[in-house]
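sequence and computational prediction follow.
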Amino acid sequence: MYIKYSFLLLFIMLTVGITNAQKKVKPLKTQEELSKQKVYRSLKDAMLNKKRVYILNLDNQHLLELSSKIGKLKNLQQLYIRNNKITTLPKELFMLQNLQVLALGENKFIEIPADIVKLKNLEELDLFSNRITKVPDYIEQLTKLKSLDLNWNQIEVLPESIGKLKELERLLIEKNKLKTIPKAVGNLTKLKELKISENQIEKLPESIGNLKLITELNLEKNLLTVLPASIGNMSNLHKINISQNRLTSIPLELGKLQNIEELNLSNNKIKKVTGASINLPKAKSIDLSINNITIFNADMKRLQNLENLDVSVNKLSAVPLNIGYASNLKTVYLNRNKIIRVSGSISKLDKLEELDLSDNVIEKIDKSLGALTSLKILRLSNNRLLYLNKQLSGMRALQELYIENNPRLNDFQKKQVKKFFPKTKIYF
């Protein structure tokens, strides 16, 4: 009988203990509620009001370690300890079951601690700019994770287990040492932002086309020679940066991305721009600079929102014939090509404000360009100009004209230019 009552008493004591422990942890506050909470900026102050501490920011405090006292802040939901010199975390931290945001960027961590899986409510994990070399498989246990920032580390492999983070909306792994992206990334169908620039990636998996919610894709500074055909399925892309890779052509699939506003293909090895590859109805900016483009006869009839076109540092011998279709262009850069002639097609751009034709081999500018009534800046330096036609004075908004280093332009012609543009600042 005594043993029976002893067990009963023990059960009651344990139950009461658990209940009391649970009472110490308040329910999670919503983002709106958190926005009204005080942000504590010292652990000492936080200890004076433990139960009311929901946000603790210890950024930029030259910390070498985080005190185990952190475990007493049972209701803590957001912890920021960025830009310190911390190498490890106290085990007490992983008892904070309400923790949703853990920002550890710009410290000296070399690994993702195994105990992190105890933080069942974690939604944001920031490990930016540390010394991490590996993403462990147990990362898959952070099932509520929405944002994972691994930028600026030394990670060589991203595990297939990353594909089990089904709630992930933001994945940042720029400036690491990745050579491949796992197929399982295609399972992250809630992903809205993916940044994988500055790695050594040679090929992307076809599964990347499953990421239809992504609005921004950064592939800059990799070793890509081709893009998967499935990239045309990423229908919500607004911005894509594929600069500084090794593409030799523009994939036709890019022409299917009807919501693209910014397309950056600069610094590749592209030789020609043809077909509907850049005929993007919502595009505002297209950068094709620093390539090997000799042919540019792409369909441009749908580029009615295009404002900025950069085809500088290429091998064009003429202004693109179809450029006049992009009637809302404001800036056009064609400098550092091999342009001999400037066709009248560009004269249709009545909203054009800046035109750069410097560093070419142009002898004369078609008089039809006088129709560019909105043009404010015209760059013609480093060419072979013989003269400028009087009809060009129709550029009545012109504020700056650059014609330095045109050795065939004699003094008489320079005087004529001054007469044509009496209110324009001219650089001879």
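Nice, I can see it.

where along the stretch 101-250 of the chain do the helices fall?
Counting by DSSP state H, counting those that start in this stretch, the stretch 101-250 of the chain has no helices to list.

again but with the stretch 301-428 of the chain, I slipped
Counting by DSSP H, counting those that start in this stretch, the helices of the stretch 301-428 of the chain are 411-420.

check whether Glu253 sits in a helix, strand or coil.
Using DSSP: H, G, I helix; E, B strand; the rest coil, the secondary structure recorded for Glu253 is helix.

if you could redo that for Asp45, that was the one I meant.
helix.

can you start the count at 840 instead of 1 from here on
All right, first residue 840 from here; so that's Asp884.

that one: neighbour count?
Neighbourhood size, Asp884 [other CB atoms under 10 Å]: 12. (Glycine included, C-beta is placed from N, CA and C.)

next: Pro866.
Around Pro866 there are 7 residues (other CB under 10 Å).

measure it to Lys1108 for me?
According to CB to CB, to the nearest Å, Pro866 stands 57 Å off from Lys1108.

and if you look at Gly1025?
28 Å.

and Tyr1172, by the same measure?
Distance, Tyr1172 to Lys1108, by CB to CB: 19 Å.

what about Gly1025 and Lys1108, which has more around it?
Gly1025 (18 against 14).

excluding its backbone neighbours, what's nearest the more buried one?
Ser1046 (2.6 Å; CB to CB, 6 or more residues apart in numbering).

now do the same for that neighbour: its pLDDT.
Per-residue pLDDT puts Ser1046 at 97.

list the contacts for it?
1022-1026, 1069 (CB atoms under 8 Å, 6 or more residues apart in numbering).

got a quick PyMOL command for the buried subset of these?
Buried subset of those, written as a PyMOL selection, criterion 16 or more other CB atoms under 10 Å:
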select buried, resi 1023+1024+1025+1026+1069
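
biggest separation within the contacts of Ser1046, which pair?
Ala1023 and Ser1069 (14.9 Å; CB to CB).

what sits against the residue lying closest to Leu1007 once chain neighbours are set aside?
Closest residue to Leu1007 apart from its sequence neighbours, by CB to CB, 6+ apart: Leu1027 at 5.1 Å. By CB under 8 Å, 6+ apart, the contact list for Leu1027 reads 1001-1002, 1004-1005, 1007, 1010, 1050.

mind checking which of those are in strands?
Judged by DSSP state E, the contacts of Leu1027 include Leu1010 as members of strands.

TSV for the contacts of Leu1027, including distance to Lys1123?
As requested, those are exported to TSV (distance: CB to CB, whole Å):
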residue	distance to Lys1123
Ile1001	33
Gly1002	34
Leu1004	33
Lys1005	33
Leu1007	29
Leu1010	26
Leu1050	23
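
buried ones among the contacts of Leu1027?
For the contacts of Leu1027, buried by 16+ other CB under 10 Å: 1001-1002, 1004, 1007, 1010, 1050.

looking at those residues, which is nearest Thr1064?
Checking these one by one against Thr1064 (CB to CB), the nearest turns out to be Leu1050, at 21.1 Å.

tell me who's in contact with the closest one.
By CB under 8 Å, 6+ apart, the contact list for Leu1050 reads 1024-1025, 1027-1028, 1030, 1033, 1073.

any idea which of these the model trusts least?
Leu1033 (93).

now do the contacts for the nearest residue to Ala1023 once chain neighbours are set aside.
Using CB to CB, 6+ apart and skipping the chain neighbours, the partner closest in space to Ala1023 is Gly1002 (2.6 Å). Contacts were defined as CB under 8 Å, 6+ apart; by that measure Gly1002 touches 1021-1027.

quick check: the farthest pair among the residues you listed?
Lys1022 and Leu1027 (11.3 Å).

which residues in the stretch 840-989 of the chain form strands?
Under the criterion DSSP state E, counting those that start in this stretch, strands of the stretch 840-989 of the chain are mapped to 878-879, 894-896, 917-919, 940-942, 963-965, 986-988.

one more: the stretch 1090-1239 of the chain?
So, for the stretch 1090-1239 of the chain - with DSSP E, counting those that start in this stretch - the strands run 1101-1103, 1111-1112, 1124-1126, 1134-1135, 1147-1149, 1170-1172, 1193-1195, 1216-1218, 1239-1241.

next, format those as a markdown table and append mean neighbour count and distance to Lys908.
Below are the strands of the stretch 1090-1239 of the chain laid out as a markdown table (neighbours: other CB atoms under 10 Å; distance: least, CB to CB, whole Å):
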| stretch | mean neighbour count | distance to Lys908 |
| --- | --- | --- |
| strand 1101-1103 | 21 | 47 |
| strand 1111-1112 | 22 | 61 |
| strand 1124-1126 | 21 | 51 |
| strand 1134-1135 | 18 | 65 |
| strand 1147-1149 | 21 | 54 |
| strand 1170-1172 | 20 | 57 |
| strand 1193-1195 | 21 | 59 |
| strand 1216-1218 | 21 | 61 |
| strand 1239-1241 | 19 | 63 |
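
could you dump those into CSV with distance to Lys1203 and mean pLDDT added?
What follows is the strands of the stretch 1090-1239 of the chain, written out as CSV (distance: least, CB to CB, whole Å; pLDDT from 0 to 100):
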stretch, distance to Lys1203, mean pLDDT
strand 1101-1103, 32, 98
strand 1111-1112, 26, 96
strand 1124-1126, 28, 98
strand 1134-1135, 21, 96
strand 1147-1149, 23, 98
strand 1170-1172, 18, 98
strand 1193-1195, 15, 98
strand 1216-1218, 14, 98
strand 1239-1241, 15, 98
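
need those strands in CSV (columns: distance to Asp884).
Formatted as CSV, the strands of the stretch 1090-1239 of the chain follow (distance: least, CB to CB, whole Å):
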stretch, distance to Asp884
strand 1101-1103, 44
strand 1111-1112, 60
strand 1124-1126, 47
strand 1134-1135, 62
strand 1147-1149, 49
strand 1170-1172, 52
strand 1193-1195, 54
strand 1216-1218, 55
strand 1239-1241, 56
